[in-house]
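S.K.: Please find the sequence and the predicted model below.
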Amino acid sequence: MNNTDTIKHVKGESLFVDDFTLHEGTLHAAVFDSTIAHGKIKRLDVSKALDFSGVRAVLTSKDIPGENQIGNIISDETLLAEDEVRFIGEPIALIIADTAEIARSAREKIEIEFEELPVIINPREAYEKGNLIAAPVTFSMGDVDKVWDECDLVLEDKVEIGGQEHLYLETQGAIAIPTEGGGMKIVSSTQSPTAVQRVAARILNLPMHKIEVDVLRLGGAFGGKEDQATAWAVMTALAAYKLGKPVKLVLQREEDLRMTGKRHPYSADFKIGVNTEGKILAYEATYYQNAGAVADLSTAILERTLFHATNSYYIPNVKATGISCRTNLPPNTAFRGFGGPQGMFVIESAIHNAARKLNIPVYEIQRKNLIKDGDKFYYGQQIKNSNAQRCFNEAVTEFNLSQTEDEIRKFNSSNHYVKKGIALMPVCFGISFTSSFLNQASALVHVYTDGSVSVSTAAIEMGQGVNQKIRNVVANTFSINVSRVKVETTNTTRIANTSPTAASSGADLNGNAAVIASKNILERLKAHAVKEIGESNPDLVEIKNEKIFYDGKPTKLTWEELVWKTYFNRISLSSHAYYATPDIYFDRKINQGSPFAYHVYGTAIIVSKVDCLRGRYEIESVNVVHDFGESIDTKIDLGQVEGGIVQGIGWLTVEELVQNKEGKLLSNSLSTYKVPDIYSIPKEMKILFLKDSKNKYGPFNSKAIGEPPFMYGIAAYFSIINAMNEFRDNSGMEISAPITPEKVLLNLHQPVKTESTAR
Ligand code: LUZ
Ligand code: MOS
């Protein structure tokens, strides 16, 4: 990759929260958390921990000077529990000591007694008991109930979808440093510096201007630090405020796995109506989202599930209902795709089973229903510039689908225990925060007198390469060498009111703001250039590769000279600029609108090979046509597609979260929670760039890249199911992701279940 950080990463020079040189006297915190999933705190005695040598303080909710409330969308989350705990891992107290080791040892000395209350971990059970995060939400178009009778096939079934651990390499952490005058500087591994600032201000009862949040880079996040980096950062601020000393808190891996939320597991019901030509006439779905104990971002995530309920397809009659269910698990949270993957998995399950029933290829149904220009998604957005068909058709022809299918047929007829399967996955992902107000960003650009450039934006570098993209767009705007451009840390005193770097929109929003700021300075440079060269029309000035041209002819000026002379004539070389995505809105009274600036399209074809005797499988090949728009940086974008696919495959194949009935996470380490590794990633991955795709909402016609590729992984699940069906007919098999090797084995060697409802 061209990422600015690549060399530093490889040499181990990149700094993360745990690497920063600490101020003298810095103290260290550890979190005391609940060992039960639901109960009342009857007695809490921290005196033995306080007596522990090297311990400076033990803080509880009573020590919070402001409001003990960190909920983002709904105010239902305490920083430190008061008299009730709702999940294992819920923070109760904070131990501050001279070293992290002392803090953790002292933690063992805290005495607590609970009165245990019933534990619910299943979302349907929570629903039946009326434990909801918010009222159910329904989006609809047409009238499904009128058309079931017109369908040749109506199929109903249930889908179980597992969660997913983010497994960012850098665990959650922060350092808070008291500043003069009672303020606080917080260095945090967060996607959302303003969330940290806002919540720290609320907890400490200070105005936001007294809190400065600074972020250099994150060692991965994937959504896990969109909302859930806040608590740890605010804990360090609370401790630093109370003790008047810098305080550092970095979670150990096992603490992070235990205390933080994951991708939401879903349980869903669907009903699909199709005619014999494979046209989908009606689709109905109900999603039971396992939100965990508090709201976090669950309602927004559930809403994105509804937005992506029909994936890439136009369906005239749709009704989709989302129910956010409160359980006694750690609050589940944002994770690459933000509920979209769950929505797409359900409709792909419906299409897959309908196709088997009708005995037509799955891709016939997929292809026939792809959304095209002028069609409306069921939430009201009319589609312009659909690339759904182009991606799908190009994938089919460029990767020679019929030849691949022939090879698979031959392989399967000459192998008894090893079978191959293939599946296609079209993806259509909406770009923009669905909460319209978040679609804003600003940038601050300084040109220094030597011609070097500094850029600040709200974007957080988390390994995705957004800093390199911003360097590229600024360098392109000025037409100077990219080495002249430096991207600064993300800091709330330079860039205020930041939206989280999330929703795949970091490069779009912040890149656009950086382009506007750069253009402001460029205009001033051009206006001054005409004076230097004795001409009159600034519009005829052009900077090309650091040389200054007038009316197409070279002048004597270079970039460096022009910059110096502009400064010398007392003209500002700095600009702050603002960008807000135009043309988007969504009306929550009727659940209709046009919430997305545009969509990203693509199609993946995945082939897998299953050892039907042992249950093991390999992903043989992943072939994709993806709509990048005009890529700002092809290597970074390819890295995002490949990484997203591997993460998506992991979610649906080997990554299995297991809790016991008491709500305790059993898959609580990397020996019990399997993630894709270098041996299990696809043997072959080919990514083709869709040609002639433009996008006026992305800087230099680019398109967002972060989340859309994740959902190609859904094809891995169905390729494995298809291979299993080559071994024996598994109609009626429970739809349950992830399809672990264990599940493959058990399903292939158990009696065939009765069929799902069909007629
Ligand atoms: N975060 C958010 C997101 O707050 N709103 C969104 O729509 C979103 N979408 C994807 C990922 N994170
Ligand atoms: Mo996100 S799921 O932080 O874009």
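M.R.: That came through, no problem. Ligands and ions are numbered 1, 2, ... in the order given.

S.K.: Close to ligand 1: what parts of the stretch 351-500 of the chain are there?
M.R.: Phe433, Thr434, Ser435, Leu438 (C-beta under 6 Å from any ligand atom). C-beta here means a position set from N, CA and C on the backbone, and glycine is covered the same way.

S.K.: Surely the last one and Thr498 touch.
M.R.: Right, the one you point to is Leu438. No. Shown here, Leu438 and Thr498 do not form a contact pair, counting by C-beta atoms under 8 Å, at 9.8 Å.

S.K.: what helices or strands is the top helix by length along the chain leaning on?
M.R.: Secondary structure assigned by DSSP state H gives helix 506-532 as the longest helix of the chain. On a contact count with 3 or more C-beta pairs under 8 Å, 6 or more residues apart in numbering; DSSP states H and E, helix 506-532 meets strand 440-447, strand 453-457, helix 466-478, strand 541-544, strand 547-550, strand 553-558, helix 559-568, strand 574-580.

S.K.: what about it, distance to the chain center?
M.R.: On the basis of C-alpha atoms, centre = their mean, to the nearest Å, helix 506-532 sits 30 Å off its chain's mean C-alpha point.

S.K.: residues in contact with the closest residue to Glu115 other than its chain neighbours?
M.R.: Leaving aside its chain neighbours, Glu115 sits nearest to Lys40 (4.4 Å; criterion: C-beta to C-beta, 6 or more residues apart in numbering). Counting by C-beta atoms under 8 Å, 6 or more residues apart in numbering, Lys40 makes contact with Asp83, Glu84, Phe114, Glu115, Leu117.

S.K.: and Lys40, what element?
M.R.: strand 39-45 (DSSP states H and E).

S.K.: What's the first helix or strand after that strand?
M.R.: Going down the chain from strand 39-45, the next helix or strand is helix 47-51, by DSSP H and E.

S.K.: Distance check, the residue in the chain sticking out farthest from the centre against Leu557.
M.R.: Each residue of the chain has a distance to the centre, and by C-alpha atoms, centre = their mean the biggest one is for Gly534: 52.7 Å. According to C-beta to C-beta, to the nearest Å, Gly534 and Leu557 sit 11 Å apart.

S.K.: likewise Asp296?
M.R.: Counting by C-beta to C-beta - Asp296 and Leu557 are separated by 55 Å.

S.K.: Buried residues, stretch 119-138. List them.
M.R.: For stretch 119-138, burial by neighbour count (16 or more other C-beta atoms under 10 Å) applies to Val119, Ile120, Ile121, Asn122, Pro123, Ala126, Tyr127, Asn131, Leu132, Ile133, Ala134, Val137.

S.K.: Narrow those residues to those in helices?
M.R.: Residues of the buried residues of stretch 119-138 located in helices (DSSP H): Pro123, Ala126, Tyr127.

S.K.: Just the element for the nearest residue to the last one once chain neighbours are set aside, please.
M.R.: Beyond its immediate neighbours in the sequence, the residue positioned closest to Tyr127 (C-beta to C-beta, 6+ apart) is Cys325, lying 5.1 Å away. Assessed by DSSP H and E, Cys325 sits inside strand 317-326.

S.K.: Buried residues, that strand. List them.
M.R.: Here strand 317-326 shows Asn317, Val318, Lys319, Ala320, Thr321, Gly322, Ile323, Ser324, Cys325, Arg326 as buried, counting by 16+ other C-beta under 10 Å.

S.K.: Mind listing the residues bridging to the last one?
M.R.: To tie it back to what came earlier, the one meant is Arg326. Going by DSSP bridges, Arg326 is paired in beta bridges with Gly292.

S.K.: From Val641, how far off is it?
M.R.: Separation of Arg326 from Val641 (C-beta to C-beta): 36 Å.

S.K.: number of nearby residues for the residue in the chain that ligand 2 sits nearest to?
M.R.: Using C-beta to the nearest ligand atom, the closest approach of the chain to ligand 2 is made by Gly223 at 2.9 Å. Counted by other C-beta atoms under 10 Å, the residues lying close to Gly223 total 26.

S.K.: that older thread, okay, the contacts of Lys40 in TSV with secondary structure and distance to His166 next?
M.R.: Formatted as TSV, the contacts of Lys40 follow (DSSP: H, G, I helix; E, B strand; the rest coil; distance: C-beta to C-beta, whole Å):
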residue	secondary structure	distance to His166
Asp83	coil	30
Glu84	strand	27
Phe114	strand	29
Glu115	strand	33
Leu117	coil	29
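
S.K.: Is it possible to get a markdown table of the residues you listed that adds neighbour count and distance to ligand 2?
M.R.: Shown next, in a markdown table, are the contacts of Lys40 (neighbours: other C-beta atoms under 10 Å; distance: C-beta to the nearest ligand atom, whole Å):
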| residue | neighbour count | distance to ligand 2 |
| --- | --- | --- |
| Asp83 | 10 | 32 |
| Glu84 | 15 | 29 |
| Phe114 | 17 | 33 |
| Glu115 | 11 | 37 |
| Leu117 | 15 | 31 |
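
S.K.: Export the residues you listed to a markdown table and append columns for distance to ligand 1 and pLDDT.
M.R.: Formatted as a markdown table, the contacts of Lys40 follow (distance: C-beta to the nearest ligand atom, whole Å; pLDDT from 0 to 100):
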| residue | distance to ligand 1 | pLDDT |
| --- | --- | --- |
| Asp83 | 31 | 97 |
| Glu84 | 27 | 98 |
| Phe114 | 34 | 98 |
| Glu115 | 36 | 98 |
| Leu117 | 31 | 98 |
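
S.K.: Tell me the one of the residues you listed nearest Gln468?
M.R.: Nearest to Gln468 among the contacts of Lys40, counting by C-beta to C-beta, is Glu84 at 46.3 Å.

S.K.: Not counting sequence-adjacent ones, nearest residue to that closest one?
M.R.: Lys40 (5.6 Å).

S.K.: what do you get for Cys428?
M.R.: Ser312 (3.7 Å).

S.K.: how deep is that neighbour tucked in, by neighbour count?
M.R.: Using other C-beta under 10 Å: Ser312 sits among 28 other residues.

S.K.: quick one: it and Lys372 touch, right?
M.R.: No. Using C-beta under 8 Å, Ser312 is not in contact with Lys372, being 10.3 Å away.

S.K.: Overlap in contacts, these two.
M.R.: With C-beta under 8 Å, 6+ apart as the test, Ser312 and Lys372 both reach Ala388.

S.K.: List, one by one, the residues from the protein near ligand 1.
M.R.: So the chain meets ligand 1 at 223, 226, 297, 300, 304, 334, 338, 433-435, 438, 502-503 (C-beta under 6 Å from any ligand atom).

S.K.: Sheet-wise, list the partners of the strand or helix carrying Ala423 with their directions.
M.R.: Using DSSP H and E, Ala423 sits in strand 418-431. The strands beside strand 418-431 in its sheet (DSSP bridges) come out as strand 598-611 (antiparallel).

S.K.: quick one, the strand it pairs with and helix 506-532 angle?
M.R.: 140 degrees (axes from the mean of the first three to the mean of the last three C-alpha atoms, to 10 degrees).

S.K.: Could I have the CA atoms of strand 598-611 written out in CSV?
M.R.: Taking C-alpha atoms only, strand 598-611 is exported to CSV below (Å, rounded to 0.1, in the frame of the first residue of the first chain):
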residue,chain,number,x,y,z
TYR,A,598,-25.1,7.6,-3.7
HIS,A,599,-24.6,3.8,-3.6
VAL,A,600,-21.6,1.6,-4.1
TYR,A,601,-22.2,-1.5,-6.3
GLY,A,602,-20.3,-4.7,-7.0
THR,A,603,-20.7,-8.4,-7.5
ALA,A,604,-18.6,-11.2,-6.0
ILE,A,605,-18.3,-14.8,-7.2
ILE,A,606,-17.0,-17.2,-4.6
VAL,A,607,-16.0,-20.8,-5.0
SER,A,608,-15.4,-23.0,-2.0
LYS,A,609,-14.4,-26.6,-1.5
VAL,A,610,-15.9,-28.7,1.4
ASP,A,611,-14.5,-31.9,2.8
